[in-house]
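Engineer: only geometry, no sequence info:
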């Protein structure tokens with residue numbers, strides 16, 4: 001799975017993550033007390049498998065993250081549907 005970043009010092013960068021459910025924050029546990037990137041969307045491919053996770057800088061508004069996701073065409077690039085993660089929306093967990 002690919003972690004994709006919007007805003008901040010690592011804007012437009014990618015990091016490979018293990019398959020499965022992406023962490024809510026990246027890095028998952030910095031221990032430094034600094035704001036971390038927050039998970040905004042998970043791109044689901046065939047069979048509901050998570051193929052990308054989009055993280056937004058701590059000070060970036062949700063609508064700006066959404067605009068950048070569309071501008072960068074992550075859904076088309078990964079042939080996946082971006083969805084808000086369950087931990088944020090209260091939706092059932094991704095399988």
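Structural biologist: Yes, it's here. Since this is a predicted model, take the numbers as computed values, not measurements.

Engineer: before we move on, which element is the residue nearest the centre of the chain in?
Structural biologist: For the chain, residue 54 is the residue whose C-alpha lies nearest the centre (CA atoms, centre = their mean; 2.0 Å). Take DSSP states H and E as the rule and residue 54 turns out to sit in strand 50-56.

Engineer: and the next element down the chain from that strand?
Structural biologist: helix 62-72.

Engineer: and that next one, how far out from the chain's middle?
Structural biologist: Distance of helix 62-72 from its chain centroid, counting by CA atoms, centre = their mean, to the nearest Å, is 11 Å.

Engineer: what is that helix packed up against?
Structural biologist: strand 2-6, strand 37-44, strand 50-56 (3 or more CB pairs under 8 Å, 6 or more residues apart in numbering; DSSP states H and E). All C-beta spots, glycine's among them, are computed from the backbone N, C-alpha and C.

Engineer: report the inter-axis angle for that helix versus strand 50-56.
Structural biologist: 130 degrees (axes from the mean of the first three to the mean of the last three CA atoms, to 10 degrees).

Engineer: what bridges to the residue nearest to the centre of the chain?
Structural biologist: residue 4, residue 41 (DSSP bridges).

Engineer: can you point out the buried residues in stretch 38-51?
Structural biologist: Buried residues in stretch 38-51, counted by 16 or more other CB atoms under 10 Å: 38-44, 50-51.

Engineer: ok, of the residues you listed, which one's closest to residue 15?
Structural biologist: In terms of CB to CB, no member of the buried residues of stretch 38-51 lies closer to residue 15 than residue 39, at 12.9 Å.

Engineer: check residue 49 and give its pLDDT.
Structural biologist: Note on residue 49: pLDDT of 88.

Engineer: oops, could you answer that again for residue 59 instead?
Structural biologist: pLDDT, residue 59: 89.
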